[in-house]
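K.L.:
Following is a predicted model, sequence given first.
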Amino acid sequence: MTARGRLRSLLALLGITALILTGCGTTSDDPGRPRTCVDDYSAGTDYFPDKATVDYAQNFTLDYHPNYVVLTVRQPFPGGSPESYALVRCGTPAPELTGDLAGAQTIEVPVQTVYSGSTTQLPWFTELGVLDALTGAADTSMISNQQVRDRVSEGKVTEYATGATVDTERVLAARPDVVLTDGTENGAYPVLRRAGIPVVAVADWLESSPLAIAEWIKVLGVLTDTSAKAEEVFSGIAERYNDLAAKARGAAVTDLLYGADFQGTWTVPGADSSSGRLITDAGGRWPWSDRAGNSVQLSFEEVVDRAGDVPIWLVSDNQWTSIADVLKVDPRYRNLAAVSSGQVWNANLAMGPTGGNDFFESGSARPDLVLADTVAILHPELLPDHEFVYYRRLAR
C-alpha cells in the first residue's frame, strides 16, 4: 500500500473524509456526481474494465490503455482537424503525451459536472442515469425533457449560451469538468481551454446514419464511467432499429416527400444523409435520393414539378397542426397530392412547454422510435397498433 493509501486508511478509521487528498469525490455541498477515484494506484492494472465498442460511428474512436482512454474526434466541426483527448482515471498519473497526442487535452474521469452544448445530448444523461452530472445547458428555452426542465427550475442547470454566444465569464466562474460542444467551433472554446476547462467536440451530426449518431452516447459513457450502461442502452436501440428495418425491407417501397420550403429554398436529404438512410430503412423512397451529399437545395417549382404526385409528405414544422396551417403559409402547397389527400405528417407531436420540439431533442438519440413512426406512416399494415411518439397526421 502506498503512503497515500495508508494515510487514507488511517483517516477513515478516525472518521475523517480524505477526499481532499486527491480532489476526487464530492461533499454534500458540491454539485454533480460523486467521483470514484483510485485510492492505491498500481501500474499495469486495467482501470477501465468496462470498454465501449464503436460499431457504427465513423467520427470518433476510443483507444484504451490501462489507466486512460484516448478519445479522438476525427472531424470536430465541418472542415476541422482531428482532436484527441486523454481521459485519465481519477487518482492515477496522467500519461506523457507525445507524437500525435502532444498537446491533447487531459481530462480526469469520471467527470462530475458537464456543460452540454446541444439539446440533442440531453437524452444521454437520462438514459445513463447521470442527470445529476448535467450542470449547464447552452440554451434552456428549447428543452423538452421535463426532468431536465425541473433541474433548470431548481437552479441545478445553468444556461450559459444563447444563439452562438457563449457566456465565457459564466463558464469560467462555474469551472465545469468538461464542456461538450454542439459540433461547431466557437471563439469562446480556445479561451476556456487556456483557462484549463476541457472542451470536448461532439460532432455526431456529421455522421451519415441514425445509429452512428445515436452511438455517441458512448462518449458520455466513458466520461461518466457508465460505459456498461451505454453499451446496454445502445445495444437495445440498435437491435430494435435493425429489427424494424428488416421488417420494412419485406414491404413494397413507398414514395414520399420530405422537408418544406423555407425562405425560397426547399431542402431534401441527399443520398449520404442520416435522414435519407432512415427513410430507406423504413421502406421509403424520395425524389433526389440518387443525389450524393447530405442535402439537396431546390426551388418550390422544382419540388412540385418532380414530386407533386408523391402520396405522402413528411415535415418537421413546429407550428403546423392542420392542412389549413400549411395553406396559410403558402397556397402553392395545394399543388401537392399529399395535401389534397390529407397525407401530411408533421414531427411536432411531442412539444415542450416553451416551444422545444422533442423530435429535435431525443429523436437523434432514439432513432428506433423515429424509425417506428416512419414505418407506421409508410407501411401501417406492419405496425397496426403503433402509438406515435414524434409524428402526427395533420387535421384536414
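P.N.:
Arrived safely, thanks for sending.

K.L.:
Check which helices and strands the lengthiest helix in the chain sits against.
P.N.:
Of all segments of type helix in the chain, defined using DSSP state H, the longest is helix 227-249. Other helices and strands packing on helix 227-249, by 3 or more C-beta pairs under 8 Å, 6 or more residues apart in numbering; DSSP states H and E, are helix 122-128, helix 210-214, helix 217-223, helix 274-281, helix 367-378. (C-beta placed from N, C-alpha, C; glycine too.)

K.L.:
which SSE is residue 268 in?
P.N.:
According to DSSP states H and E, residue 268 maps onto strand 265-269.

K.L.:
ok, and what's touching the longest helix of the chain?
P.N.:
Contact with helix 227-249 is made by 48, 50-53, 55-56, 127-129, 210-211, 214-215, 217-218, 220-222, 281-283, 366-368, 371-372, 375, 378-379, 382, as judged by C-beta atoms under 8 Å, 6 or more residues apart in numbering.

K.L.:
Next: stretch 138-152.
P.N.:
With C-beta under 8 Å, 6+ apart as the criterion, stretch 138-152 contacts 115-119, 122-123, 125-126, 131, 134, 137, 157, 159-163, 166, 182, 350-358, 361-362.

K.L.:
Next: stretch 319-328.
P.N.:
Residues contacting stretch 319-328 (C-beta under 8 Å, 6+ apart): 329, 333-334, 339, 342, 344, 346, 348, 392, 394-396.

K.L.:
same question, stretch 367-386
P.N.:
So stretch 367-386 is in contact with 210-211, 213-214, 237-238, 240-241, 244-245, 247-248, 251, 254, 256, 278-279, 281-284, 312, 314, 345, 347, 359, 362-363, 388-391, going by C-beta under 8 Å, 6+ apart.

K.L.:
And these, which of them are buried?
P.N.:
Buried members of the contacts of stretch 367-386, scored by 16 or more other C-beta atoms under 10 Å, are 210-211, 213-214, 237-238, 240-241, 244-245, 248, 254, 256, 278-279, 281-284, 312, 314, 345, 347, 359, 362-363, 388-391.

K.L.:
Could you give the separation of the longest helix of the chain from the chain centroid?
P.N.:
16 Å (C-alpha atoms, centre = their mean, to the nearest Å).

K.L.:
could you give the mean pLDDT of that helix?
P.N.:
In this model, helix 227-249 has a mean pLDDT of 98.

K.L.:
Sheet partners, orientation included, of the next helix or strand after that helix?
P.N.:
Where DSSP H and E defines the elements, the next helix or strand beyond helix 227-249 is strand 254-258. Strand partners for strand 254-258, identified by DSSP bridges, are recorded as strand 284-285 (parallel), strand 312-315 (parallel).

K.L.:
so which of the ones you listed comes closest to residue 100?
P.N.:
The closest of the strands paired with strand 254-258 to residue 100 is strand 284-285. By C-beta to C-beta, the value is 41.9 Å.

K.L.:
low pLDDT regions in the stretch 251-396 of the chain?
P.N.:
For the stretch 251-396 of the chain, no stretch has pLDDT under 70.

K.L.:
all helices for this structure, in order.
P.N.:
Under DSSP H, the chain gives helices at 3-13, 122-128, 146-153, 168-174, 188-194, 210-214, 217-223, 227-249, 274-281, 300-307, 323-329, 337-341, 367-378.

K.L.:
What average pLDDT does the third one get?
P.N.:
The one in question is helix 146-153. On average, helix 146-153 scores 96.

K.L.:
Please save the CA atoms from that helix in PDB.
P.N.:
Below are the C-alpha coordinates for helix 146-153, written out as PDB (Å, rounded to 0.1, in the frame of the first residue of the first chain):
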ATOM      1  CA  GLN A 146     -39.300  17.600 -18.100                       C
ATOM      2  CA  GLN A 147     -36.700  16.100 -15.800                       C
ATOM      3  CA  VAL A 148     -34.100  18.400 -17.300                       C
ATOM      4  CA  ARG A 149     -36.500  21.400 -17.100                       C
ATOM      5  CA  ASP A 150     -37.100  20.600 -13.400                       C
ATOM      6  CA  ARG A 151     -33.300  20.800 -12.800                       C
ATOM      7  CA  VAL A 152     -33.300  24.200 -14.600                       C
ATOM      8  CA  SER A 153     -36.100  25.500 -12.400                       C
END
